[in-house]
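Chemist: Here is a sequence with its predicted model. Questions after.
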Amino acid sequence: MPEHKIRVLIAKPGLDGHDRGAKIIARALRDAGMEVIYTGLRQTPEMIASAAEQEDVDVIGLSILSGAHNTLCPQLMGLLRAKHMDDVTVLVGGIIPEADIPGLKKAGIAEVFLPGTSTQEIVDFVRSHVRNRD
Amino acid sequence: MSDEKLANSSAEIEALRSPRRPVRFTTVSGHPIRQLYAPADLANWDPQRDLGQPGEPPYTRGIHPTMYRGRLWTMRQFAGFGTAEDTNARFRYLLAQGQTGLSVAFDLPSLMGYDSDHSLSRGEVGKCGVAVSSLADMEALFDRIPLAEVTTSMTINSPAAIIWAMYLAVAEKQGADWKLLSGTLQNDILKEYIAQKEYIYPPEPSLRLVIDTFEFGTRHTPRFNPISISGYHIREAGSTAIQELAFTLRDGIEYIERGMRRGLAVDDFAPRLSFFFNAHNDFFEEIAKYRAARRIWQREMRERFGAKNPRSWALRFHAQTAGCSLTAQQPYNNVVRTAIQALAAVMGGTQSLHTNSLDEAWALPTEFAATLALRTQQIIAYESGVTNTADPLGGSYFVEGLTNEVEQGAREYIQKIDALGGMVAAIERSYPQREIAEASYRYQQAVDRKEKIIVGVNEYVSEEKPLEVLQIDESVALRQAQRLRRLRDERSGQEVRRRLDGLMRAAEGTDNLMPHLYEAVKAYATLGEICDALRTVFGAYEEVAIT
């Protein structure tokens, strides 16, 4: 039986259009053999939660550079809990002040990746943290 | 000549004996650089034709005969956060510190045409710029700043015409003569589809709004630049230097074509089109880019459009150091990066410059960081000596050779986009978007493999203490929501409705929309209401996302 391919949703929540990071991560995870779905720009937390549910993903990667992370991340985590999707690993990358990281982790974000992170680091994190759901 | 040849070949023989590091010598864009540039590299180069004099075509050496001996560049620090009052205080602080021009950063709801109290604005109000939802906010933003005496740059694109109408209304209330107003509206919608992605409407109605501002400006604001054709964001999205140059100039060509199609004479509006380039890490590549930009533009203006006025030929530009080059790790290193980048912009002959702050990979800059960034420019201007002569690097084999190579690369891209039927057609096929995404991924791979070294990130990593950064809390959104409630209570709802209806009718036809927008903002219709009215007529744009 073939190994389960890790399924990842890369999402750009909020109004920001800076998608360089999101696109690089989508491509790097795909090159690493994962199934990657990219939502496109300006997704509300509701849209992201329902896309994650429909696509049955293991991981959600959020790219936020606009400073809206403290509002958008807890909102998404609440929606995922309501859908009983607590087993989905949620990652955030972008411009995130260090002081905000503990709050985001408390809200259920598995890891925050700052500028300068190598794509390999993210690939490794995803591989080692996604629970085997088969 | 034979002596030079001899020197060249003996240098090459000497070089063969010397050791070489096992790296590929390329620019940050991946452009290969040779071991030595010598007369042979400039075989087809004619200094009369290709270099000329500063202030004369082809403007390779700069657009003014005396360059910075005549006047220094404008030190224009982009600023905006929180409410209009917060940003007004920062502006007045920066002016007191010797800054010579204002530059407004708007928050994302304003950039996307939503009021601060819209549900999609949640979490974004006042975060990456100032929140401006109506003329009342604009009045507070420029309180006690005389618009006839400062020059103001406004980084706004899709709603640019509306924000400009607000600016003109504030000027009128201050009693400032529109003919004296000076500044720049970014208003470059094409690069939004290509790179920055803050679009609202589809390309055609968006371009109509841009040309409306050109037409209005030629009649009413002869000293205002209605557009800043921007490569900055294209580069930030991951393009190479050559792509940045080519896509930006091709956007410029598109705007000129559209203006002429509207019936404007090229020499009536081309002199007021300005440009905006990135100042990235690779010192010589950036200088070559600015020099090539001027040379290509003057040729395009003369040959493609038949412009007769030398002011139409001369490419004026603003530069900003590369935000994407800033590292979160060892943030004080960013001061050094920014200084090198700023020096490149100055050596390349910029008219105006923004230097980034050391903390911007973490958050918006603190006052301390923003001041240090401004001081960096002042040190270059007053201490380095590079301003004493025009085009100090002109005639360098390397700089002239690289200028030729960058120009050639850009011209090939411009021809390709011409063949695709112009920039709108190219955008619709995702051509520039795909080229940028490829370049961006190639660069990331080079960094991941340590083929490109970033100090403090993939080499020379060390432990460090967290930085103190600017925090913007949610009280801004609350204050904005209260202000909007009060505004909607106090204004005449009937007048607002009438003006919005008039605007929509005009939008369905072919009228210039500027006068209609001006009446709507003066009635205190909000930015969101006006953008919604136009959304009803124009529709909204959705891109095909490529990854």
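Modeler: Perfect, thanks for sending it. It should be emphasised that the depicted structure is a prediction, and the values quoted were computed from it without experimental measurement.
Chemist: what about chain A, any weak spots by pLDDT?
Modeler: Along chain A, the model assigns pLDDT under 70 to residues A:1-3, A:131-134.
Chemist: the strands in it, which residues?
Modeler: Taking DSSP state E as the test, the strands found in chain A are A:7-11, A:35-38, A:59-64, A:89-94, A:111-113.
Chemist: biggest helix in the chain by residues?
Modeler: Looking at chain A here, since you left the chain open. The helix that spans the most residues within chain A, counting by DSSP state H, is helix A:69-82.
Chemist: The intended chain is chain B.
Modeler: helix B:397-420.
Chemist: Show me which residues of that helix are buried.
Modeler: B:397-407, B:409-411, B:413-414, B:417, B:420 (16 or more other CB atoms under 10 Å in any protein chain shown). In this view, the C-beta of every residue, glycine as well, is placed from N, C-alpha and C.
Chemist: same check, this time on stretch B:158-176
Modeler: Judged by neighbour count using 16+ other CB under 10 Å, the buried positions of stretch B:158-176 are B:158-171, B:176.
Chemist: How about it and chain A, touching?
Modeler: No. Residues of stretch B:158-176 are not located near chain A by CB under 8 Å from any CB of the partner chain, the shortest gap being 10.6 Å.
Chemist: centre of the chain versus stretch B:373-392, how much separation?
Modeler: Taking CA atoms, centre = their mean, to the nearest Å, one finds stretch B:373-392 lying 21 Å from the centre of the chain it belongs to.
Chemist: In PDB, could you pull the C-alpha coordinates for it?
Modeler: Written as PDB, here are the backbone C-alpha positions of stretch B:373-392 (Å, rounded to 0.1, in the frame of the first residue of the first chain):
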ATOM      1  CA  ALA B 373      17.500  55.300   8.400                       C
ATOM      2  CA  LEU B 374      17.200  59.000   7.600                       C
ATOM      3  CA  ARG B 375      20.600  59.700   9.100                       C
ATOM      4  CA  THR B 376      22.100  57.100   6.700                       C
ATOM      5  CA  GLN B 377      21.000  59.300   3.800                       C
ATOM      6  CA  GLN B 378      22.300  62.400   5.400                       C
ATOM      7  CA  ILE B 379      25.700  60.800   6.000                       C
ATOM      8  CA  ILE B 380      25.900  59.800   2.300                       C
ATOM      9  CA  ALA B 381      24.800  63.300   1.200                       C
ATOM     10  CA  TYR B 382      27.100  65.300   3.500                       C
ATOM     11  CA  GLU B 383      30.000  63.100   4.500                       C
ATOM     12  CA  SER B 384      30.800  60.500   1.800                       C
ATOM     13  CA  GLY B 385      31.800  62.900  -1.000                       C
ATOM     14  CA  VAL B 386      30.000  61.000  -3.700                       C
ATOM     15  CA  THR B 387      27.800  63.900  -4.400                       C
ATOM     16  CA  ASN B 388      30.700  66.100  -5.500                       C
ATOM     17  CA  THR B 389      30.600  65.000  -9.100                       C
ATOM     18  CA  ALA B 390      28.000  63.700 -11.600                       C
ATOM     19  CA  ASP B 391      28.000  60.000 -12.400                       C
ATOM     20  CA  PRO B 392      31.200  59.200 -10.600                       C
END
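Chemist: buried set for that stretch?
Modeler: When burial is assessed from 16+ other CB under 10 Å, stretch B:373-392 yields the following buried residues: B:373-374, B:376-377, B:380-381, B:387, B:390-392.
Chemist: A helix includes B:Arg483, no?
Modeler: Yes. Using DSSP: H, G, I helix; E, B strand; the rest coil, the assignment for B:Arg483 is a helix.
Chemist: Report the contact partners of the residue lying closest to it once chain neighbours are set aside.
Modeler: Beyond its immediate neighbours in the sequence, the residue positioned closest to B:Arg483 (CB to CB, 6 or more residues apart in numbering or on different chains) is B:Ala136, lying 6.9 Å away. For B:Ala136, the contact set (CB atoms under 8 Å, 6 or more residues apart in numbering or on different chains) comprises B:483, B:487, B:524.
Chemist: B:Ala314 now?
Modeler: Shown here is B:Ala314, whose contacts under the criterion CB under 8 Å, 6+ apart are B:59, B:63, B:271, B:294, B:297-298.
Chemist: now do B:Ala160
Modeler: For B:Ala160, the contacting residues are B:154, B:185-187, B:209-210, B:213, taking CB under 8 Å, 6+ apart as the criterion.
Chemist: Next: B:Gly231.
Modeler: Contacts of B:Gly231 were listed using CB under 8 Å, 6+ apart, and they are B:191, B:244-245, B:247-248, B:275-278.
Chemist: Quick one: list the elements packing against the helix or strand hosting B:Val447.
Modeler: Element membership of B:Val447, judged by DSSP states H and E, is helix B:431-448. Secondary structure elements in contact with helix B:431-448, counted by 3 or more CB pairs under 8 Å, 6 or more residues apart in numbering or on different chains; DSSP states H and E, are helix A:20-31, helix A:119-129, helix B:241-261, helix B:397-420, helix B:423-428.
Chemist: In that helix, which residues are buried?
Modeler: When burial is assessed from 16+ other CB under 10 Å, helix B:431-448 yields the following buried residues: B:431-433, B:435-437, B:439-441, B:443-448.
Chemist: related to what we said a few turns ago, now tell me what touches the longest helix of chain B from outside.
Modeler: Defining contact as CB under 8 Å, 6+ apart, one finds that helix B:397-420 is touched by B:31, B:33, B:37-39, B:41-42, B:45, B:50-51, B:60, B:241-243, B:245-247, B:249-250, B:253, B:284-285, B:287-289, B:291-292, B:295-296, B:393-394, B:423, B:426, B:429, B:431-432.
Chemist: Roughly how far does B:Arg71 sit from B:Pro226?
Modeler: 23 Å (CB to CB, to the nearest Å).
Chemist: could you pull out the strands for the stretch 151-300 of chain B?
Modeler: Secondary structure of the stretch 151-300 of chain B, counting by DSSP state E, counting those that start in this stretch: strands at B:151-155, B:182-185, B:224-225, B:227-230, B:273-279.
Chemist: Show me what the fourth one packs onto, helices and strands only.
Modeler: Pointing back at strand B:227-230 there. strand B:182-185, helix B:203-220, helix B:241-261, strand B:273-279.
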